[in-house]
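Asker: Here is my input, please return the structure:
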Amino acid sequence: MIKVIDKRSTGKTGRILLLAKERNGVVVCNNPDRIRAKAHNYGIVGVDIVSYKEYYDFINGYENELLVNRPIFIDELDMFLRELDIDIAGYSLSEDD
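Answerer: Below is the predicted model:
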């Protein structure tokens with residue numbers, strides 16, 4: 001698993017977009033339109049981008065061919081966990097994988 005960990009406004013999303021493009025993956029994010037605009041500004045084309053809700057629906061049985069057998073790259077994992085709307089009070093994260 002690749003972890004892109006850095007401060008705000010350091011290009012984390014751009015790195016996730018590049019990784020998804022290189023590996024034919026899908027970026028899962030809070031606001032797909034905003035991330036598509038970022039991808040366009042970075043000159044990154046051909047990356048599939050879906051919302052947290054679309055991915056959550058997929059893992060709960062809703063069919064989405066875009067997500068089948070593809071690497072998933074989550075932009076802002078902590079925001080994704082909050083969007084799950086379950087009682088996650090905290091998590092740990094190891095940097096050394």
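Asker: got a list of what Asp85 touches?
Answerer: Neighbouring residues of Asp85 by Cβ atoms under 8 Å, 6 or more residues apart in numbering: there are none. (C-beta placed from N, C-alpha, C; glycine too.)
Asker: all helices of this structure, in order?
Answerer: 12-22, 32-42, 52-59, 77-83 (DSSP state H).
Asker: averaging pLDDT over each of the ones you listed, which comes out lowest?
Answerer: Mean pLDDT per stretch puts helix 77-83 lowest among those, at a mean of 89.
Asker: and it, which residues are buried?
Answerer: By neighbour count with 16 or more other Cβ atoms under 10 Å, helix 77-83 contains the buried residues Phe80, Glu83.
Asker: elements contacting that helix?
Answerer: When contacts are defined as 3 or more Cβ pairs under 8 Å, 6 or more residues apart in numbering; DSSP states H and E, helix 77-83 packs onto helix 52-59.
Asker: Quick one: work out the angle between the helix it packs on and helix 32-42.
Answerer: Using axes from the mean of the first three to the mean of the last three Cα atoms, to 10 degrees, one finds that helix 52-59 and helix 32-42 are set 110 degrees apart in direction.
Asker: tell me the most buried of the helices of the chain?
Answerer: helix 12-22 (a mean of 18; mean count of other Cβ atoms under 10 Å).
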